[in-house]
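**Q** here are the coordinates; sequence isn't available:
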């Protein structure tokens, strides 16, 4: 087990290194941040001074080396436009994205698994067909469009929910969260729903396929022959078997929810990490872009580790690190 | 839970929400801003969104009215003692938000602070470039010496917001974001800031100006256009700035809302490469390189200008959000010349001029510009390309995000490029856009085509060196006229800036595009 985790850690470090190099070179290739940020009235001397102050006059490898040295000491650089450490900006926004993604995942799982089961058990019934038709919509409608439609319907037409923004927050263990106050929760509902739709559709299909497959297995037929009640078959035999792929996909998708909630955050003006990334790319705020992607890689690594550990808990056949 | 129970649960939950959503109090004003605010530090980054929020809390020595006319701010009056010395008489009895008195020491400190900020690529060092020294003669008199005669100093000092020396000494951007150093003299004081979301402000009751009607103000940052409109339509906001052109018609028709508009100071223009014999992307109709310097010929520049149907762009592409331009600055701005008229749309005349210039079959160009910076910028590029192609200049469009576009421009990879420019004064705009590039003097930093005209340079320099405003404006206007008759660049249009608000509010639309809560008036019907 320890061996396994150590190996994973080594790979993760390599992934981080490769990622930082790629992003660094990529942002460098787009252009010089001073060009876009400079005061339009600045003269050449001021521009040259700015470039030198930010170290942008040095060759790329030197800039990267400087960054690496800082990064090893936990310093990922200072944002060009906010004047505060990049990592501060990201951590400040992490709770907003985290709670949005968690609620979205919760909605997707809480609705996706039962709906998928329903659709898988009686695939020819009309509720199953309705569910499947709905899941196609969930897949194919673009997120920004659905987001705007949700705003138009629930905020502009019906006036039930706020259109945009995060609303008030409550401190929970020093972390500002929205879901503990009613007003905060109201702000969360629409963006979380919008973010959940695609994952919901995905989970429905996954669970449905798993259910249909499991229902044909010998152990189900055997249980039926024994006279086990239908709901016990589901609970004891079907559900645990289909949960493994569900956990894998949910884990991976949770990572992408965190990292790429960009569209939803933009439409709903949600002050999360995704919006920060887009703004930073627009301004070529390299320290924030690099730090953001590094944090994202770390999150993915962490989530994958948790998923692997969950496997072991769910499936007694899997024993990590003990394969030959 | 069965299905019926689920539906009834959902509907009762929504009913509960309805009960809990009360309207905001009458003295609150909630504004939707369109640009991302990166920092509350007023000296860190010269960006319009940052200055918009900062100007609620801080003020400057000189102010500008909605038409960009210079008016007294924290300085009651100012005059040039001689060609190099300016004296500012400061307003008496002005209080900071902590109750302390504003004095000349705070002004001296604030003028020096931009130069002390390290690691900011877009600060305000250029606004105080001409300043040799600033000294407090007494508590209410400030004397500024310039390195060279400089008539635009009062305009430059408008960009420098006055912070409290006591609170801003040793303060960094994080101290402003947290509110510790957000102590200004302005009409509103800091209450709460959530980065990327909102800034909450409360009225500064000891403000020297006319007490604003709003006790609490919330500035929300909503860059996504449709979301900003939706927030206004839902009643969640009272005001939005930069109304998306696509939504404008519907908002004007909506009798619960009102729109306020004016010609903005932003001029949209095309720079033409005049310095390279074979500018990049410019080719003959057969694909072979042209003889040399095609855009140096005034006839070619005129032909291009005549080929562009500015009225069609203003009415159709911009849906009314533009005014055809013939000037470097828009109508309200210092140095504008009303006698200059846009060249009429004349495709036949353009073809004739091209023929006379030796291009009977036209040539090929690549038009490059941003797609996320100005109102409908990508559509403008495409329309201009079609219009030019119609007279024989086959135009290919490359539109890209501003960050990538500026990278291309700095690498000198573009020959015909779109730029937007806003300025307080024609001579300042000329210095950046038209003056022969001179890195030492800071001239022509945005003169991408390297247009060079010694006469315009001399007039502009004389204008900027005049501390007599009347003389300066005459010179600036003359320089502007000369540059425009010679088509130093091709002016397209001035943008129109618009605000949408509750029908019972009123706002004097500002040429400089700023949105100030304290200028909104209530109770208008």
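**A** Here it is on my side, so go on. Note that the coordinates shown come from a computational prediction; the quantities given were computed from them, not determined experimentally.

**Q** just to check, residue A:206 is in contact with residue A:244?
**A** No - counting by C-beta atoms under 8 Å, residue A:206 sits too far from residue A:244 to count as a contact (10.8 Å). The C-beta positions use only the backbone N, C-alpha and C, and glycine is treated the same way.

**Q** neighbour count: those two, which is higher?
**A** When neighbours are counted by other C-beta atoms under 10 Å in any protein chain shown, residue A:206 and residue A:244 differ, and residue A:206 comes out ahead with 20 against 15.

**Q** how about the strands in chain A?
**A** If you assign secondary structure with DSSP state E, the strands in chain A sit at A:170-172, A:175-177.

**Q** strand partners of the first one, parallel vs antiparallel please.
**A** Same thing as strand A:170-172. Next to strand A:170-172 in the sheet, as set by DSSP bridges, lie strand A:175-177 (antiparallel).

**Q** quick check: mean pLDDT across the strand it pairs with?
**A** Strand A:175-177 carries an average pLDDT of 79.

**Q** near chain A, anything from the helix or strand where residue B:217 lies?
**A** Secondary structure assigned from DSSP states H and E places residue B:217 in strand B:216-221. Yes - counting by C-beta under 8 Å from any C-beta of the partner chain, contacts between strand B:216-221 and chain A involve B:220, B:221.

**Q** try stretch B:29-40
**A** Yes - part of stretch B:29-40 sits close enough to chain A to count as contact by C-beta under 8 Å from any C-beta, namely B:36, B:38, B:39.

**Q** between the two ends of that stretch, how far is it?
**A** Separation of the first and last residues of stretch B:29-40 by C-alpha to C-alpha, to the nearest Å is 20 Å.

**Q** check stretch B:209-222 too.
**A** Its first and final residues considered, stretch B:209-222 spans 29 Å by C-alpha to C-alpha.

**Q** check which helices and strands the strand holding residue B:217 sits against.
**A** The contact analysis (3 or more C-beta pairs under 8 Å, 6 or more residues apart in numbering or on different chains; DSSP states H and E) places strand B:216-221 against strand B:28-33, helix B:48-57, strand B:198-203.

**Q** so what strands line up beside the first one?
**A** Here the strand partners of strand B:28-33, with direction, are listed using DSSP bridges: strand B:216-221 (parallel), strand B:239-241 (parallel).

**Q** for the stretch 151-300 of chain A, which residues are neighbours of chain B?
**A** Within the stretch 151-300 of chain A, the positions adjacent to chain B are A:151-152, A:155-156, A:158-166, A:169, A:182-183, A:186, A:266-269, A:271-272, A:275-276, A:279, A:281-284 by C-beta under 8 Å from any C-beta.

**Q** from these, list the buried ones, please.
**A** Restricting these to buried positions leaves A:151-152, A:155-156, A:160-166, A:169, A:183, A:186, A:266-269, A:271-272, A:275-276, A:279, A:281-284, with burial counted as 16 or more other C-beta atoms under 10 Å in any protein chain shown.

**Q** of all of the stretch 151-300 of chain A, which residue lies closest to chain B?
**A** Here the stretch 151-300 of chain A gets closest to chain B at one residue, residue A:271, 3.4 Å apart by C-beta to the nearest C-beta.

**Q** excluding its backbone neighbours, what's nearest that residue?
**A** residue B:196 (3.4 Å; C-beta to C-beta, 6 or more residues apart in numbering or on different chains).

**Q** the one you found - how many residues pack around it?
**A** 25.

**Q** quick one, phi/psi of it?
**A** Here the main-chain torsion angles of residue B:196 (degrees, to the nearest 10) amount to phi 80, psi 0.

**Q** and it, what pLDDT?
**A** Model confidence at residue B:196, expressed as pLDDT, equals 87.

**Q** give the contact list for it.
**A** For residue B:196, the contacting residues are A:93, A:271, A:272, A:275, A:276, A:279, B:36, B:221, by C-beta atoms under 8 Å, 6 or more residues apart in numbering or on different chains.

**Q** from those residues, which single one is nearest residue A:298?
**A** Each of these was checked against residue A:298 using C-beta to C-beta; the closest is residue A:93, at 15.2 Å.

**Q** burial count for the closest residue to that closest one other than its chain neighbours?
**A** Closest residue to residue A:93 in three dimensions, ignoring its sequence neighbours and counting by C-beta to C-beta, 6+ apart: residue A:273, at 4.7 Å. Residues within reach of residue A:273, counting by other C-beta under 10 Å, total 32.

**Q** run the chain-centre distance for the helix ranked longest in chain A.
**A** The helix spanning the most residues in chain A, taking DSSP state H as the definition, is helix A:86-121. In this view, helix A:86-121 has its centroid 8 Å away from the chain centroid, taken as C-alpha atoms, centre = their mean, to the nearest Å.

**Q** for the most centrally placed residue in chain B, give me the pLDDT.
**A** With distances taken as C-alpha atoms, centre = their mean, residue B:422 lies nearest the centre of chain B, 4.7 Å away. Here, the pLDDT recorded for residue B:422 equals 90.

**Q** check residue B:440 too.
**A** Residue B:440 carries a pLDDT value of 80.
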